[in-house]
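1. sequence and predicted structure are below.
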Amino acid sequence: MGLPMMDTEFVWDGTYYEASTCGAGVPCVTERHASDGPYVAEWCGLRGSRTIDSIGAPQCIEGGGRRCVSVPFDFPARSPRTTSF
């Protein structure tokens, strides 16, 4: 599904999920919490345009390739980090 992204805010509380097994080898995930320290966030997006498909759902039409930006930060953060493409 294609969604326009103009301005986006993401707040991370340090929670992440690790794949594991539960009981008799049943796949599951375990909630974890990140240790304090330096991290790098990577944001990626595709440039393009949107169209509406035959059932009314928005679809992306790629037109400029994938673009990513990496932003170093400390957790817990002392102040917000911002970036742009």
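-> Great, that's in hand.
2. any weak-confidence spans in this protein?
-> 1-6, 85 (pLDDT under 70).
3. in it, which spans are strands?
-> Along the chain, the stretches classed as strands by DSSP state E are 15-22, 26-33, 37-52, 58-75.
4. the spatially most central residue of the chain and residue 70, how far apart?
-> Nearest residue to the geometric centre of the chain (C-alpha atoms, centre = their mean): residue 43, 6.4 Å. For residue 43, the distance to residue 70 (C-beta to C-beta, to the nearest Å) stands at 8 Å. Placement of C-beta: from N, CA and C, glycine included.
5. next: residue 28.
-> Taking C-beta to C-beta, one finds residue 28 at 31 Å from residue 70.
6. could you do residue 12 as well?
-> To residue 70, residue 12 is 15 Å away according to C-beta to C-beta.
7. the two: which is more packed in?
-> Set residue 12 next to residue 70 and count neighbours by other C-beta atoms under 10 Å: residue 12 wins out with 13 against 10.
8. check contacts around that one.
-> 41, 75 (C-beta atoms under 8 Å, 6 or more residues apart in numbering).
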